[in-house]
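S.K.: When you get a sec, could you give me coordinates for this:
(one chain, ligands or ions: 1)
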Amino acid sequence: MKEVNIESKLIVFDSFDELPKSIASLMEKAKEARLKAYAPYSKFLVGAAILLDNGEIITGSNQENASYPSGLCAERTAIYYTGAQFPNAKIVSMAITAGSQTHETSTPIPPCGACRQSIAEYEFKQESPIEIYFMGTSGKVVKSHSLANLLPLGFDRSFL
Ligand code: THU
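M.R.: Numbers count the residues shown, from 1 in each chain. Purely as a prediction, here's the structure:
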């Protein structure tokens with residue numbers, strides 16, 4: 001037997017102001033989307049913005065439901081809309097911002113496992129990496145050069 005080490009490299013920006021211009025404006029779109037979240041139960045608002053290789057930007061926010069599991073995360077709202085509207089475009093980057101309405105959220109909030117799996121599907125499909133940037137409502141911004149980097153040992157279509 002042997003021990004296997006799995007590594008993930010992340011880049012940490014000390015603040016929003018350190019982001020490259022194009023990513024800062026994508027994150028601005030995610031912030032606008034966050035303010036449109038429908039989250040009366042958790043009071044936790046999430047916004048996501050996706051940049052496509054054709055220059056389009058698609059946004060999404062979390063949409064909750066009185067039947068809790070019927071709600072959907074911001075990232076999946078955005079990525080499934082993208083898949084439905086732009087099936088042939090490649091996704092270049094996704095920016096995510098999240099924050100509670102009841103307390104300050106200054107730590108970077110990564111996408112949940114289900115969202116990582118959903119984004120991974122499109123990364124596999126398009127055969128090129130999707131950059132992921134995530135933050136709270138303020139503070140540091142984390143960048144992953146690909147979704148796979150956030151989901152080691154992921155399950156994909158190659159196993160089917
Ligand atoms: N949420 C997202 O929108 N994205 C995530 O990656 C994690 C969680 C939402 C779902 C729910 O509306 C609220 O945040 C609290 O879990």
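S.K.: I'd guess Thr77 is in a helix, am I close?
M.R.: Yes - judged by DSSP: H, G, I helix; E, B strand; the rest coil, Thr77 forms part of a helix.
S.K.: burial measure for it, as a count.
M.R.: Counted by other CB atoms under 10 Å, the residues lying close to Thr77 total 23. C-beta coordinates here come from the backbone N, C-alpha and C atoms, glycine included.
S.K.: How about the one 3 residues further on?
M.R.: Neighbour count for Tyr80, taken as other CB under 10 Å: 14.
S.K.: Regarding it, what is its secondary structure?
M.R.: Going by three-state DSSP: Tyr80 is helix.
S.K.: Wait, it touches Ser118, no?
M.R.: Yes - taking CB atoms under 8 Å as the definition, Tyr80 is a contact partner of Ser118 at 7.4 Å.
S.K.: mind checking how far Gln117 is from the ligand?
M.R.: Noted for Gln117: a distance of 11 Å to the ligand, by CB to the nearest ligand atom, to the nearest Å.
S.K.: hang on, that residue packs against Ala148?
M.R.: No - when contacts are counted by CB under 8 Å, Gln117 is not listed as touching Ala148 (11.3 Å).
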